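Colleague: Quick one, structure for this:
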Amino acid sequence: MLVQIFTLNLAVPISPRLVTVGRFDGRHPCLACATSGGRVFIHNPHGDRAQGITYLNINKNVTALSAGRLDDTSETDILLVGSPTDLLAYDVSSNKDVFFKELPDGVFAMCVGHIGALASPLVFVGGKCSIQGLDITAQDVFWTVTGDNVCSLALSDIDGDEYEELVVGSEDFDMRVFREDGELVQELSHSEAVTFLCPLNGRRIAFALANGTVGVLEGMRRLWSTKMKNQAVCLHAFDCNLDGQMEVVVGWADGAMDVRDPRSGTVLFSEKFPAMIAGIVQADYRLDGTETLMVCTVEGEVRGLQPIGAAHPLGSLQSPRGNPSSNPAAATTAAAAPALAALQGTSPEPTRPTAAVPMQQLQRAQRSVQERALKDLLQQRNDLRAQLRNAQQMTRATAGVRTITTADAPITAECMLRASGSTSQLMLVLSAPLELNFRMAVLSGEGLFAAEKHVFYPPTPTNSLAVPITPSKNAPVTIAIQALIESRANPSHFLVRELSATIPRFARFMTASPARIQGRVSLAVPSAYLTKVQKWVSENFLLSTPLSGSSTSVSFVALDNGCPLFISMEAELVIATPDGDVAGDVVQALLEYLGMGDLNSICDFPQEIEEFTALLTKVNECHAARTRLAAGLADSSTLVKGFVVRAEDARSRGDIVSMKQCYEQLGDLNRDLMGAYTIRGNNHAELLARLKDLNAHIQRVARWRGGKAKAGTVALLREAIKNNDTALLHKTIKIGCPAS
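Modeller: Next comes the predicted model:
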């Protein structure tokens, strides 16, 4: 499927996930990577430098690296370097800064491109619960908040409207889709933090999770996912078999690289590297008109791969040490010289016919593909033979004995609430006929168990199995069940039955008596929606008794923390609960079900207003302390210069006593400076924590509304915080963003 074209040994360590490629002079693709010591190096095999590597000293920990065009009228890519405190946009060819932007929330992820109908491209930066979109002038064109620290960003047309949306993966295990106005249009929960996102063809997007899971979504519907023992370091989309569809290229922490079918996840090609994969990019790196897949390792090795059947001009890239590529296809022959000279010259020569990759190399690659296909077929044959042997043994053992087979056994699985002493417990109940007994059940469901799978053994074999379930989030979860069942007539033979059960979104709530609740959200939902609201409640909660046609209210209490929840549908839809997160979950799920995208609400959460105000006060105090500390450090720096000058002057005059006094005072001042620096560092850490909490509060308040009202609420809250306008803050929390 893929054939190796060149290998480079850059002899420079590469930081994982910090690899990009760009045409920084508008013509030649260059590889840019972060390395140790707060530096970024750029490899350009097309320039005049003998080494081909230049360094950019950032002097800060590099947390994100990207490249792209921020001006559609220019052919030059801009190098974008993110750190824990700021973002640098750097013009490599002109050796100057395009802009430098301080970002207190930090830079954890970046992507560059167009979103929606906005005319100019933006660089999107994800930090502590916030996402910003900056243009080439560093103006804040896009801003919104998310539930937790941002891990990954990508631009993809998820809804198929021919405009790209911003897809965000965060540490709260959620994937969110935003439009250009900041409106949250879709949301999907996973079992772990979403560490990487990669757009594919059409509405497909590949994802990787922190627990080693990789998969593909179409829209927000999962096509497939698989979990490996190693963590995925990077994802890339590349047409490896020239069929017009982008395959998923995955780089793993153990040095493996595999290519997977985007429809099924089947491994189509794999290769092992001697070190951990740092990043995967693609570019026409040899300027031969063919895109090359470039796989980089943390030790500085770069391999170029191209699909079998693509044009493979014979040539090589020079390594930084001046040694030719180790690839056999780039052997030093007379036919390779013109291609090499054209590649390393200041301007490429016109394209002319060149030799193809040696036939032996193509034959080896084709044999590898055929051997993998044959291995898969042999494995399928062995599996089918084993199943046939087991079926024949079961038939002989049960001859003349009535037994229930896998196909006709009426085995069921459902979730229900069962009393356990004075409390209730959510249970997954498996039931089978009296002729069968459960011996074991293997359960798997995202976010339900500490491990990937949960194995449950009953104390004694029984035809009814009850497994306790504890959902951690208000989200529907499908549980995959593999039950090991024995027949009472023939206990020596077992059968395995695969089942599935779905836990409702709010299964952790049980019906209870109404209670006095402080905290409510009122939505102007027409009374004609009463029947739909009742149906939604029946589908998303576990009710002890079904709702009647005249029921206009229902009360619940959470099984884990006793949080009350009251839903009423009379003159307006009222959701009462002291937990703002629960209120947001109910509002978002209900509006999605009713199909009411844009809807404002009136909210009354006194505790939320108090916490928001107190948090804003603490942020202002941190900013004021930061200003005072900065002024004190500046004054101390001036004193340091004075003591050094006086000490050197005393030394030149031979006044040793005065010189010692100056250096003693300088030592005392240095200790004071170190203490002040520690205080400033602690203040900065507290400020970042408060800003994260502030963004989380903004997200919580916004989720009490839907659509444009939600995006407008975020904008108004940000304006209130920026201007320290407490009145506007309180007003926005209560009434949101009314329609103009």
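Colleague: Quick check: which ranges of the stretch 501-650 of the chain have low pLDDT?
Modeller: 549 (pLDDT under 70).
Colleague: Helices along that one, start to end?
Modeller: Ranges of helices within the stretch 501-650 of the chain are 530-540, 580-594, 606-653, based on DSSP state H, counting those that start in this stretch.
Colleague: Now do the following helix or strand past the longest one and helix 580-594, the angle between them.
Modeller: Beyond helix 606-653 on the C-terminal side, the first helix or strand identified by DSSP states H and E is helix 656-702. Angle, helix 656-702 to helix 580-594, by axes from the mean of the first three to the mean of the last three C-alpha atoms, to 10 degrees: 40 degrees.
Colleague: How far does helix 656-702 sit from its chain's centre?
Modeller: Distance of helix 656-702 from the chain centroid (C-alpha atoms, centre = their mean, to the nearest Å) equals 32 Å.
Colleague: list the helices and strands it packs on?
Modeller: strand 140-145, helix 580-594, helix 606-653, helix 708-722 (3 or more C-beta pairs under 8 Å, 6 or more residues apart in numbering; DSSP states H and E). C-beta here means a position set from N, CA and C on the backbone, and glycine is covered the same way.
Colleague: So which helix or strand of this structure has the lowest pLDDT on average?
Modeller: Sorting the helices and strands of the chain by mean pLDDT, DSSP states H and E puts helix 336-344 at the bottom, at a mean of 36.
Colleague: Among the helices and strands packed on helix 656-702, which comes closest to Arg204?
Modeller: helix 580-594 (22.2 Å; C-beta to C-beta).
Colleague: mind listing the strands for the stretch 1-150 of the chain?
Modeller: Secondary structure of the stretch 1-150 of the chain, counting by DSSP state E, counting those that start in this stretch: strands at 2-9, 19-22, 30-35, 39-43, 53-57, 64-68, 78-82, 86-91, 96-102, 109-113, 122-126, 130-134, 140-145, 150-156.
Colleague: Could you dump the helices of the stretch 501-650 of the chain into a markdown table with distance to Trp224 added?
Modeller: Output for the helices of the stretch 501-650 of the chain, formatted as a markdown table (distance: least, C-beta to C-beta, whole Å):
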| stretch | distance to Trp224 |
| --- | --- |
| helix 530-540 | 27 |
| helix 580-594 | 24 |
| helix 606-653 | 41 |
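Colleague: just so I know, which of those helices lies nearest Gly712?
Modeller: Checked against C-beta to C-beta, the stretch from those lying closest is helix 580-594, at 15.3 Å.
Colleague: Buried residues, the closest one. List them.
Modeller: 580-591, 593-594 (16 or more other C-beta atoms under 10 Å).
Colleague: about what we covered before: of all the strands of the stretch 1-150 of the chain, which lies closest to Tyr529?
Modeller: Across the strands of the stretch 1-150 of the chain, Tyr529 has its closest neighbour in strand 140-145 (28.4 Å, C-beta to C-beta).
Colleague: what pairs with Ser32 across the strands?
Modeller: One correction, residue 32 is Ala, not Ser. Thr20, Ile42 (DSSP bridges).
Colleague: pretty sure it contacts Arg39?
Modeller: No: Ala32 is not in contact with Arg39 according to C-beta atoms under 8 Å; the separation is 11.2 Å.
Colleague: The two - which one has more neighbours?
Modeller: Between Ala32 and Arg39, counted using other C-beta atoms under 10 Å, the more crowded position is Ala32 (27 against 16).
Colleague: now the strands of the stretch 1-150 of the chain in JSON lines, with distance to Gly244 and mean pLDDT?
Modeller: Below are the strands of the stretch 1-150 of the chain laid out as JSON lines (distance: least, C-beta to C-beta, whole Å; pLDDT from 0 to 100):
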{"stretch": "strand 2-9", "distance to Gly244": "17", "mean pLDDT": "89"}
{"stretch": "strand 19-22", "distance to Gly244": "23", "mean pLDDT": "94"}
{"stretch": "strand 30-35", "distance to Gly244": "27", "mean pLDDT": "94"}
{"stretch": "strand 39-43", "distance to Gly244": "31", "mean pLDDT": "93"}
{"stretch": "strand 53-57", "distance to Gly244": "36", "mean pLDDT": "91"}
{"stretch": "strand 64-68", "distance to Gly244": "24", "mean pLDDT": "94"}
{"stretch": "strand 78-82", "distance to Gly244": "30", "mean pLDDT": "95"}
{"stretch": "strand 86-91", "distance to Gly244": "34", "mean pLDDT": "94"}
{"stretch": "strand 96-102", "distance to Gly244": "36", "mean pLDDT": "92"}
{"stretch": "strand 109-113", "distance to Gly244": "22", "mean pLDDT": "94"}
{"stretch": "strand 122-126", "distance to Gly244": "28", "mean pLDDT": "94"}
{"stretch": "strand 130-134", "distance to Gly244": "31", "mean pLDDT": "91"}
{"stretch": "strand 140-145", "distance to Gly244": "32", "mean pLDDT": "88"}
{"stretch": "strand 150-156", "distance to Gly244": "18", "mean pLDDT": "94"}
